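Q: When you get a sec, could you give me coordinates for this:
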Amino acid sequence: MKPISPALALHLAGEVTTLARCWVLSRFDGVVFGFTDHDRDIVFGDVTFRAATGLDAAEASAELGFAVGGGDVAGALNSAGLTENDLAAGRYDGANVTSWLVNWDDPEQRLVTATSVIGEVKRTDVAFVAELRGTAHRFDEERGRLFTQNCPADLGDAQCGYAIGTYYGAVASTDGRLALTAISLATLNDGWFTGGKLTFTGGPNDGFATEVFHTVGTLATITSFSVPQPGLMVIRCSGAQRFEISNREKLKHGLWIADVKRLDDDQVVRVPEDLRGAANALGKLIKTLQDRAIPADQMPLEPPYRLDDCGWVANRWCELLPIPTAAKQKLMELEDPMIRLSLVDGFLRDKMVVFG
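A: Here you go, the predicted model:
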C-alpha cells in the first residue's frame with residue numbers, strides 16, 4: 001500500500017481536484033527528462049516536467065505477486081522531448097521511468113504511482129508509443145554469466161580485460177544513415193575495424209556506440225531445441241552456406257535487415273601430404289569419441305567425415321579449437337580452403353597437437 005501525505009489525501013477527498021500525471025525518465029547515460037500531461041510545466045525535485053511534449057498515457061495495470069504489470073505512454077516527437085534520432089540510436093532502451101500523481105496547483109502534494117522500465121518502442125515519423133514494463137519483468141530476464149566455448153565478453157571491455165588499440169578520427173562526411181568517412185584513418189587496411197566498436201565522442205551522437213558488422217556470415221539450421229529447466233535453453237545448430245552482406249539497414253523499430261549473396265561452397269581440395277597431420281589428428285579425435293560411445297546427438301562433429309577434404313577438416317578444427325572469434329571469422333572468410341587448413345595446421349603445431 002502506497003503512503004499518501006495528509007495534504008494530498010485531503011485534496012483527493014475534495015469535490016474538485018487539480019491533478020496531473022508526471023513522468024521522470026532517466027537514461028543510462030545520466031540524462032534526465034521530465035514530462036507531464038498537464039497544459040503547463042510543473043517543477044519539483046529539481047526537475048522541470050515539460051507540458052509541450054504531447055505526452056499521454058494509456059491505462060496502466062498493476063499485478064499482485066510477480067506478475068508483470070505495465071502500460072503505454074504515447075507522444076509526439078519534438079526537439080523538446082524524445083527525438084527520432086535518440087530513439088533509433090537506442091538511447092532510451094531500458095531507461096527507468098517513475099510515474100507521479102501530482103496536484104499541479106501545489107506540486108508538494110504528490111504520490112509515486114509506479115516505477116517502470118522502457119520496453120518496446122514503436123515509432124512513426126512524427127510520434128511514438130513506448131511500453132512501460134513493471135519492475136517484476138526483471139524476474140523474466142536471464143541474468144548471470146554465460147559460460148560457452150567462446151568467450152562471452154566483448155573484446156576490450158572490463159570483463160575481457162585485454163587492452164586493445166584505440167584510434168581517433170574526425171568524421172569528414174556521412175550519408176546520414178550507415179556510412180561515414182574519416183580521412184585520418186584512411187591509411188589503415190580494409191576491414192581493420194571489423195568486429196570492433198565505433199564510439200562517437202562529439203556531435204549529436206556523442207556517447208553513442210555501435211559494433212562494426214562483419215560482411216561475411218553463415219546460415220544455420222536449428223536441429224534440436226529443449227528447455228531442461230526454467231531459464232535454461234539447449235539449442236543445437238548445424239552450420240550451412242556462407243553469405244556476404246551487400247547492403248544493410250536498421251528499421252525504425254530497431255530490426256536490422258540486409259541484402260545478402262550466398263557464396264559458393266568450398267571446392268573439394270584433397271589434403272596435401274604436408275597438411276595430412278591435421279587430418280590425421282582430427283580422425284584420431286573422432287575415433288576416441290566413438291570409442292567412448294558418445295551418443296550421436298552429443299557428438300561435436302556430424303558425419304560424413306570427409307578427412308581428405310581441406311575445407312571440411314579446416315572448418316571442423318575451427319569449431320573445436322579455442323581460437324579467438326575474430327580469427328575464426330577471418331578463417332571463414334578465406335576463399336581458398338587449402339590456405340585455411342594451412343593456417344589451422346600452424347595453430348595445431350604451435351599447441352603441439354600435430355608434430356612432424
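Q: how near is residue 249 to residue 173?
A: Distance of residue 249 to residue 173, given as CB to CB, to the nearest Å: 19 Å. Every C-beta, even on glycine, is put in place using the N, C-alpha and C of the backbone.
Q: cool, residue 238 as well?
A: Counting by CB to CB, the gap from residue 238 to residue 173 is 43 Å.
Q: State the mean pLDDT of stretch 168-176.
A: With pLDDT averaged residue by residue, stretch 168-176 scores 76.
Q: With stretch 15-27 instead?
A: Averaging pLDDT along stretch 15-27 gives 89.
Q: Give me the neighbour count for the closest residue to residue 333 other than its chain neighbours.
A: Spatial nearest neighbour of residue 333, excluding adjacent residues (CB to CB, 6 or more residues apart in numbering): residue 216 at 4.6 Å. Counted by other CB atoms under 10 Å, the residues lying close to residue 216 total 16.
Q: Contact partners for residue 216?
A: By CB atoms under 8 Å, 6 or more residues apart in numbering, the contact list for residue 216 reads 242, 243, 244, 245, 263, 329, 332, 333.
Q: the helices in this protein, which residues?
A: Under the criterion DSSP state H, helices of the chain are mapped to 6-13, 84-88, 276-291, 310-320, 325-333, 337-350.
Q: Run the chain-centre distance for the first one.
A: If I follow you right, that is helix 6-13. 46 Å (CA atoms, centre = their mean, to the nearest Å).
Q: just the CA coordinates of it, formatted as CSV?
A: Presented in CSV, the C-alpha positions along helix 6-13 are these (Å, rounded to 0.1, in the frame of the first residue of the first chain):
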residue,chain,number,x,y,z
PRO,A,6,-2.3,14.0,4.7
ALA,A,7,-2.4,17.1,2.4
LEU,A,8,-2.8,15.0,-0.8
ALA,A,9,-5.4,12.7,0.9
LEU,A,10,-7.4,15.8,1.9
HIS,A,11,-7.2,17.1,-1.7
LEU,A,12,-8.3,13.7,-3.2
ALA,A,13,-11.3,13.7,-0.8
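Q: just the buried members of the contacts of residue 216?
A: 242, 243, 329, 332, 333 (16 or more other CB atoms under 10 Å).
Q: Same list (these) but as JSON lines, adding pLDDT and distance to residue 114.
A: Formatted as JSON lines, the buried ones among the contacts of residue 216 follow (pLDDT from 0 to 100; distance: CB to CB, whole Å):
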{"residue": "242", "pLDDT": "92", "distance to residue 114": "48"}
{"residue": "243", "pLDDT": "93", "distance to residue 114": "45"}
{"residue": "329", "pLDDT": "85", "distance to residue 114": "44"}
{"residue": "332", "pLDDT": "87", "distance to residue 114": "48"}
{"residue": "333", "pLDDT": "88", "distance to residue 114": "49"}
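Q: Tell me which two of these sit farthest apart.
A: Using CB to CB, those reach their maximum pairwise distance at 243 and 329, which is 13.5 Å.
Q: so where do the strands sit in the stretch 151-300 of the chain?
A: Here the stretch 151-300 of the chain has its strands, by DSSP state E, counting those that start in this stretch, at 173-174, 180-181, 197-199, 209-211, 216-229, 232-250, 256-262.
Q: Export these to TSV and append columns for distance to residue 301.
A: Output for those, formatted as TSV (distance: least, CB to CB, whole Å):
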stretch	distance to residue 301
strand 173-174	46
strand 180-181	42
strand 197-199	33
strand 209-211	30
strand 216-229	13
strand 232-250	11
strand 256-262	24
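Q: wait, isn't residue 243 in contact with residue 263?
A: Yes - here residue 243 reaches residue 263: they are 6.1 Å apart, a contact under CB atoms under 8 Å.
Q: Residue 206: what's it in contact with?
A: residue 200.
Q: How much space separates it from residue 199?
A: Counting by CB to CB - residue 206 and residue 199 are separated by 10 Å.
Q: where's the residue lying closest to residue 42 once chain neighbours are set aside relative to residue 329, distance?
A: Nearest residue to residue 42, sequence neighbours excluded (CB to CB, 6+ apart): residue 49, at 4.4 Å. Residue 49 is 48 Å from residue 329, where distance means CB to CB.
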